[in-house]
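1. no FASTA, just this:
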């Protein structure tokens, strides 16, 4: 009895030692794992396809709509000043809902509450464009997500999900992104999962996509049932990942292979 | 919501070789894919890209289904005089977009 208890303790210690968090000084953005040609695409605005969505977002920002007949710009004015650093603080705590919301959900809340318009569908061109336009204003600013103490229990839930083994392959996020980030999976670099550049243009998608799309693809990859878009679990996971990347510069709209 | 991104140097010296970069928003649907119901997703691609400088054609490309979404086309030319580059993309289903950029050559 005592012997099996000792084994259990030993396994527990080994388990915690294996799933070690990445030290601050060793954190790397997905950008660092890319080849020079893909980096060049991200670095130059005229070559970065994500900028096409930013342009569309700028047009949408000024468009009056909804029963209130208001544009984003009517309240928030010039996004270059009003939205600077905003995306670097999301997901953020929403007082009315009593839980965190991500940038896409915040834009849709603004649409329903203030513009009195219908919410935009997840991964649709409109929502991605507005999100990209807002996120672009934070390019280069350090991620601050998670500073609000009200977020602490939600970050803890996100971390729990990140550590949780699941799916037919019985893998947790941490098994790849903390333990094996210096290796490759089917020829692709395993990155450290710092969501510094979302929404981002993935060459594989041939499109811009949100962090939720990326998370759902990963969850499907380990053969688990993916959460629906907007599910609280996905937002908590986004929140944990963003708070884990605190201090790293925002890159949105990034380009990834 | 089609939009284009153009990068043309604003200034150049006469005789300089300059690089022109263009990025056009387009889905580039190949016409080879099928829907869940079995129907073919109709082809929707850009078929032609043209660049004119002060009215004279200096670059043309024909595009085919194997080209990625949001085609990025870049080419070089020699700066001879100040003027205006006009870009035109033509494609399936009546797609037609234009953009322009000016250069001053000293």
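-> Cool, the structure landed. In this text the structure is predicted, and so the values were computed from the model without any measurement. Numbers count the residues shown, from 1 in each chain, chains lettered A, B, ... in the order given.

2. any low-confidence regions in chain A?
-> A:1-19 (pLDDT under 70).

3. Grab the nearest non-local neighbour of whichever residue of it sits closest to chain B.
-> Residue nearest to chain B within chain A (Cβ to the nearest Cβ): residue A:46, separated by 3.4 Å. Backbone N, C-alpha and C define where each C-beta goes, glycine included. Using Cβ to Cβ, 6 or more residues apart in numbering or on different chains and skipping residues adjacent in sequence, the residue nearest residue A:46 is residue B:7, 3.4 Å away.

4. Hmm, residue B:20 and that neighbour touching each other?
-> Yes: using Cβ atoms under 8 Å, residue B:7 is in contact with residue B:20, at 7.2 Å.

5. Show me which of those two is the more surrounded one.
-> Here residue B:7 and residue B:20 are compared on neighbour count by other Cβ atoms under 10 Å in any protein chain shown; more neighbours surround residue B:20, at 22 against 15.

6. ok but the more buried one is inside a helix, no?
-> No: when DSSP: H, G, I helix; E, B strand; the rest coil is applied, residue B:20 is found to be strand, with no helix at that position.

7. Could you tell me the model confidence score at it?
-> Residue B:20 carries a pLDDT value of 96.

8. where does the residue in chain B positioned nearest to chain A land on pLDDT?
-> Closest approach between chain B and chain A, counting by Cβ to the nearest Cβ: residue B:7, at 3.4 Å. At residue B:7, the model reports a pLDDT of 94.

9. Direction included, what does the helix or strand bottoming out on mean pLDDT in chain B pair up with?
-> Ranking every helix and strand in chain B by mean pLDDT, DSSP states H and E puts strand B:4-7 at the bottom, with a mean of 93. For strand B:4-7, sheet partners with direction are given as strand B:17-24 (antiparallel), following DSSP bridges.

10. which residues in chain A form strands?
-> Using DSSP state E, the strands found in chain A span residues A:92-94, A:99-101, A:184-185, A:188-189, A:200-202, A:207-209, A:255-256.

11. In TSV, list the ones you listed along with distance to chain B and mean neighbour count.
-> TSV is the format used below for the strands of chain A (distance: least, Cβ to the nearest Cβ, whole Å; neighbours: other Cβ atoms under 10 Å in any protein chain shown):
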stretch	distance to chain B	mean neighbour count
strand A:92-94	28	17
strand A:99-101	25	22
strand A:184-185	23	10
strand A:188-189	18	13
strand A:200-202	8	23
strand A:207-209	7	23
strand A:255-256	11	23
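
12. who wins for proximity to residue A:154 among those strands?
-> strand A:99-101 (5.1 Å; Cβ to Cβ).

13. gap between that closest one and the chain center?
-> Distance of strand A:99-101 from its chain centroid, counting by Cα atoms, centre = their mean, to the nearest Å, is 14 Å.

14. So which residues make contact with it?
-> By Cβ atoms under 8 Å, 6 or more residues apart in numbering or on different chains, the residues outside strand A:99-101 that reach it are A:90-94, A:109, A:151, A:154, A:232, A:235-236, A:239.

15. What of stretch A:58-72?
-> Contacts of stretch A:58-72 (Cβ under 8 Å, 6+ apart): A:73-74, A:79, A:110-111, A:114-117, A:126, A:129-130, A:133, B:1.

16. swap in stretch A:152-159?
-> Residues from elsewhere that reach stretch A:152-159, judged by Cβ under 8 Å, 6+ apart: A:93, A:99-100, A:146, A:233, A:235-241, A:243.

17. 6 Å - rerun?
-> With contacts defined as Cβ atoms under 6 Å, 6 or more residues apart in numbering or on different chains, stretch A:152-159 is touched by A:100, A:146, A:236-237, A:239-240, A:243.

18. among the residues you listed, which are in helices?
-> Judged by DSSP state H, the subset of those located in helices is A:236-237, A:239-240, A:243.

19. so which of those residues are also by chain B?
-> Subset of the ones in helices among the contacts of stretch A:152-159 in contact with chain B: empty, counting by Cβ under 6 Å from any Cβ of the partner chain.

20. quick one on the thing from earlier: from memory the residue of chain B closest to chain A sits against residue A:45, does it?
-> No: applying Cβ atoms under 6 Å as the test, residue B:7 and residue A:45 come out as separate, 7.8 Å apart.
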